[in-house]
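Peer 1: No letters, just coordinates:
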């Protein structure tokens, strides 16, 4: 089983739609959670951190459920420019380890 | 440009040759990571440095792979006796010790023919 698993996608949605991505992680020692965005043939860039109480940044809402080891990302009123791959990222600490573990990514295409 | 930079951006090499990639992190960052990404997959962790110390290596990092960060600044990743399966995007990232956000370079795309 992969440490971080995401919805396989791809998701094709019309402009203005609301879309949600899910991610589960297996390591209960995980302490930090993020969503990164990666455009085609580009490097990953941080979209938002995910906090225990849930957090919102404009049209984007991230939620964390530690009991179920589950993270979600909700995008409201989707734009064409939201088309990208969304990567769920987890950091588990233990010893000196502080690596970012990525999911495989969920591809989103917003259609006009 | 004060972001993470990687060189070269693209590398085509024949199977069996050695290749070396360079990463220059954001200057204030103590941590430096190397990842490998293949099409349709998320980045896979290879190794990580805190200053000049290599603190963790993935099992993906076979004995053909070696990474260094000699002065705690730039880092190199060398692949010896390249194989076709080494073809991938090699990404470098850096972060503060106490921080969590990692900033990525644009990557080096390796093609082994």
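Peer 2: Noted; the coordinates are in hand. Here the structure is a predicted model, which is why all the values come from computation and not from measurement.
Peer 1: Name whatever forms a beta bridge with whatever residue of chain A ends up closest to chain B.
Peer 2: At 3.5 Å from chain B, residue A:102 is the closest residue in chain A, using Cβ to the nearest Cβ. All C-beta atoms are positioned from the backbone trio N, CA, C, and that covers glycine. When bridges are called by DSSP bridges, residue A:102 pairs up with residue A:89.
Peer 1: Okay, and residue 71 sits in which element?
Peer 2: As the question left the chain open, I've gone with chain A. Using DSSP states H and E, residue A:71 falls within strand A:70-75.
Peer 1: that's the wrong chain, I wanted chain B
Peer 2: Following DSSP H and E, there is no helix or strand that holds residue B:71.
Peer 1: ditto for residue B:78
Peer 2: Element membership for residue B:78 (DSSP H and E) is strand B:75-79.
Peer 1: how distant is that strand from the center of its chain?
Peer 2: Relative to the chain's own centre, strand B:75-79 is displaced by 7 Å; criterion: Cα atoms, centre = their mean, to the nearest Å.
Peer 1: ok, that strand near chain A or not?
Peer 2: No. Shown here: strand B:75-79 not in contact with chain A (Cβ under 8 Å from any Cβ of the partner chain), separated by at least 15.0 Å.
Peer 1: Pairing partners for that strand, with directions?
Peer 2: Paired neighbours of strand B:75-79 in the sheet (DSSP bridges): strand B:19-24 (antiparallel), strand B:65-68 (antiparallel).
Peer 1: in stretch A:13-23, what counts as buried?
Peer 2: Neighbour-count burial for stretch A:13-23 flags A:13, A:19, A:21, A:23 (criterion: 16 or more other Cβ atoms under 10 Å in any protein chain shown).
Peer 1: could you pick out which of these are near chain B?
Peer 2: Answer for these near chain B: none qualify (Cβ under 8 Å from any Cβ).
Peer 1: Mind checking which of these land in helices?
Peer 2: Among these, none falls in helices (DSSP state H).
Peer 1: Please render the residues you listed as CSV that adds pLDDT to the earlier fields.
Peer 2: Formatted as CSV, those follow (pLDDT from 0 to 100):
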residue, pLDDT
A:13, 97
A:19, 97
A:21, 94
A:23, 95
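Peer 1: Tell me the one of those residues nearest residue A:41?
Peer 2: residue A:21 (21.0 Å; Cβ to Cβ).
Peer 1: Quick check: what element follows the worst-scoring helix or strand of chain A on mean pLDDT along the chain?
Peer 2: Ranking every helix and strand in chain A by mean pLDDT, DSSP states H and E puts strand A:100-102 at the bottom, with a mean of 89. Later in the chain than strand A:100-102, the nearest helix or strand by DSSP H and E is strand A:106-111.
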